[in-house]
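Enquirer: with the sequence up front, the predicted model follows.
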Amino acid sequence: MFDLAACHLDLGDLEAARSCLVQTHRIARQLANGHIEPELLSRLGMLIADEGDPDAAALLVGASEAAQQRHDRVLYPAKAKAADRTRLRFEQDLGRERFDERRSQGMTHPFDEAVNLAGLSRTPAR
């Protein structure tokens, strides 16, 4: 579902992307599957940036990186390239210093706190 959300993001359909991420979050919670946390948080960062809040998006980048470490995950090469492009976009939007500061702060956010930051847990799934 988070890959489908990324497709919707690429098309500029933020509502459909948010719906996919809500469903992903709901399913992950039902399955108690923390394995997808890094990708979900990464996609949330992209969504939040597209919705106009690069500051919160930078926090989600940090939360995603922390989730990768927590679950001993490495992104697949294509996803790593996408994450690098996203990071560069946020650095341009915020400036490198501000981005690094917010990203570092995001690394201390637990998963549920990061999801709440994105407003995902308040959005009903369709």
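Expert: Structure's in. What do you need? Small disclaimer: the values here were computed from a predicted structure and weren't measured.
Enquirer: and the closest residue to Ala17 other than its chain neighbours, what does it touch?
Expert: What sits nearest to Ala17 in space, not counting adjacent residues and going by Cβ to Cβ, 6 or more residues apart in numbering, is His8, at 3.8 Å. (Each C-beta comes from the backbone N, C-alpha and C, glycine too.) Counting by Cβ atoms under 8 Å, 6 or more residues apart in numbering, His8 makes contact with 14, 16-17, 20.
Enquirer: just Arg103 next, same as before
Expert: When contacts are counted by Cβ under 8 Å, 6+ apart, Arg103 touches 58-59, 61-62, 65.
Enquirer: any idea which element Leu75 lies in?
Expert: For Leu75, there is no host helix or strand (DSSP states H and E).
Enquirer: now do the buried residues in the helix or strand of the chain with the lowest mean pLDDT.
Expert: Every helix and strand of the chain was ranked by mean pLDDT, DSSP states H and E. The lowest is helix 77-94, at a mean of 84. Neighbour-count burial for helix 77-94 flags 79, 82-83, 86-87, 89-91, 94 (criterion: 16 or more other Cβ atoms under 10 Å).
Enquirer: for that helix, the distance to its chain's centre please.
Expert: The gap between where helix 77-94 is centred and where its chain is centred comes out at 12 Å by Cα atoms, centre = their mean, to the nearest Å.
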